[in-house]
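Trainee: Show me how the following folds:
(one chain, ligands or ions: 1)
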Amino acid sequence: MITITAATGRYGRLVVGALLRRGVPANEIVAAVRNPENAADLAAKGVQVREADYDRPETLASAFAGAHKILLIPSADFGLRHPQMVRAVVEAIDAGVGLVAYASFVNTDASTIRLGEAHKQIEAFIRESGAPFVMLRNGPYIEVFAGDLGGMDYAINSGTLIGSAGAGRFSGASRDDLAEAAAMVLTSADDQTGKIYELGGTPWTKADLVAAISQLTGKPLLYQDMPIDAYTQMLVASGMPQFMAEIIADAGFSATRGDWYTESEDLPRLLGRPSTPLIDVVAATLKRNGLL
Ligand SMILES: NC(=O)c1ccc[n+]([C@@H]2O[C@H](COP(=O)([O-])OP(=O)(O)OC[C@H]3O[C@@H](n4cnc5c(N)ncnc54)[C@H](OP(=O)(O)O)[C@@H]3O)[C@@H](O)[C@H]2O)c1
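Mentor: Numbering: from 1, shown residues only. From the prediction side, this is the model:
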């Protein structure tokens with residue numbers, strides 16, 4: 001049995017889909033989700049849907065029962081990620097899970113990005129817990145940078161995408177590719193215990209990103225870089241809370257320190273092909289968000 005937590009999320013759903021495509025019988029997959037009512041589509045495919053809310057630890061033991069392997073996908077609530085994942089790891093160990101895969105963040109050891117701090121702590125906890133683990137250190141989702149968080153309509157209409165990433169390189173990949181790689185690891189006949197995968201796609205810069213958007217929309221779009229403090233202030237002035245503005249500006253600026261870039265070939269090696277090109281993922285994202 002392979003258990004996927006947060007399986008109603010975008011990445012989690014794609015992992016379940018990739019497992020099914022790889023021939024894992026639906027009834028041997030458990031979608032362990034906070035809101036089972038949001039998983040009717042997965043249940044209709046024959047996937048076992050169980051309630052697993054990281055903030056209600058009493059739901060985790062029955063959700064994880066019988067799992068041979070588990071993929072722990074952290075919630076997007078970065079302030080709560082560490083305690084949530086600690087609870088989940090403890091329950092996975094209690095359930096006797098044979099392999100705990102953690103959906104981590106690229107370059108977790110060396111990264112200075114504030115968003116990655118919780119991932120560092122979670123990885124350390126997993127190692128010290130003695131659980132048999134595999135780390136899936138996901139690079140940045142291209143979709144997030146191509147507008148999944150909103151704001152791309154404004155950038156396209158104004159002709160300027162503002163940020164603090166300079167010429168920093170992003171080893172971004174599509175959620176789909178990262179999910180497929182996770183499914184490869186979870187279904188591998190080779191022992192995955194102790195392995196650490198740095199999963200990055202073909203690198204690109206913010207200049208490459210705006211060039212791709214411009215090419216697709218036929219509208220001129222330039223990348224305008226700002227010093228991190230000025231960018232933070234601009235975000236605050238636009239109504240973003242100070243804490244969030246600092247996180248966003250730091251996330252961009254950390255590209256200038258190489259935090260989002262990896263030379264690792266783990267992703268294409270697992271996929272058996274190059275990662276999906278930037279422009280294809282950008283096109284799909286713009287279409288999904290009604291911008292193309
Ligand atoms: N590599 C990257 O660039 C990148 C970018 C963004 C995020 N991430 C990380 O990757 C994760 C998956 O990304 P995504 O795009 O699939 O995010 P997503 O679509 O927002 O999915 C987040 C999932 O977390 C679940 N969740 C939230 N609180 C929970 C709780 N208390 N207990 C159990 N599940 C809970 C949500 O459940 P509901 O369906 O019930 O809401 C949802 O299924 C994110 O949560 C984040 O940690 C990575």
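Trainee: all strands in the stretch 151-292 of the chain, in order from the N-terminus.
Mentor: All strands of the stretch 151-292 of the chain, identified by DSSP state E, counting those that start in this stretch, fall at 160-163, 196-199, 222-225.
Trainee: Need the ones you listed in JSON lines (columns: mean pLDDT, distance to the ligand and mean neighbour count).
Mentor: Glycine gets a C-beta too; all of them are placed from N, C-alpha and C. Formatted as JSON lines, the strands of the stretch 151-292 of the chain follow (pLDDT from 0 to 100; distance: least, C-beta to the nearest ligand atom, whole Å; neighbours: other C-beta atoms under 10 Å):
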{"stretch": "strand 160-163", "mean pLDDT": "96", "distance to the ligand": "15", "mean neighbour count": "20"}
{"stretch": "strand 196-199", "mean pLDDT": "98", "distance to the ligand": "9", "mean neighbour count": "22"}
{"stretch": "strand 222-225", "mean pLDDT": "97", "distance to the ligand": "19", "mean neighbour count": "17"}
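Trainee: Need those in CSV (columns: distance to Gln215).
Mentor: Shown next, in CSV, are these (distance: least, C-beta to C-beta, whole Å):
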stretch, distance to Gln215
strand 160-163, 14
strand 196-199, 26
strand 222-225, 13
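Trainee: Spell out which residues of the stretch 101-250 of the chain are next to the ligand.
Mentor: Residues of the stretch 101-250 of the chain lying near the ligand by C-beta under 6 Å from any ligand atom: Ala103, Asn138, Pro140, Tyr141, Val144.
Trainee: Tell me the buried residues within the residues you listed.
Mentor: Ala103, Asn138, Pro140, Tyr141 (16 or more other C-beta atoms under 10 Å).
Trainee: What segments of the stretch 151-292 of the chain are helices?
Mentor: 152-158, 175-187, 206-217, 228-237, 242-253, 266-271, 278-288 (DSSP state H, counting those that start in this stretch).
Trainee: closest to Asn27 out of the ones you listed?
Mentor: helix 175-187 (15.6 Å; C-beta to C-beta).
Trainee: Buried ones in that closest one, by neighbour count?
Mentor: Within helix 175-187, the residues scored as buried using 16+ other C-beta under 10 Å are Arg175, Asp176, Asp177, Leu178, Ala179, Glu180, Ala181, Ala182, Ala183, Met184, Val185, Leu186.
Trainee: thinking again about what came up before, of all the helices of the stretch 151-292 of the chain, which one comes closest to Ala88?
Mentor: Using C-beta to C-beta, the nearest of these to Ala88 is helix 175-187, at 16.1 Å.
Trainee: which sections of the stretch 51-200 of the chain are below the confidence cut-off?
Mentor: For the stretch 51-200 of the chain, not a single residue meets the criterion pLDDT under 70.
Trainee: ok so, going back, mind putting the residues of the stretch 101-250 of the chain next to the ligand in JSON lines, secondary structure included?
Mentor: Shown next, in JSON lines, are these (DSSP: H, G, I helix; E, B strand; the rest coil):
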{"residue": "Ala103", "secondary structure": "strand"}
{"residue": "Asn138", "secondary structure": "strand"}
{"residue": "Pro140", "secondary structure": "coil"}
{"residue": "Tyr141", "secondary structure": "strand"}
{"residue": "Val144", "secondary structure": "helix"}
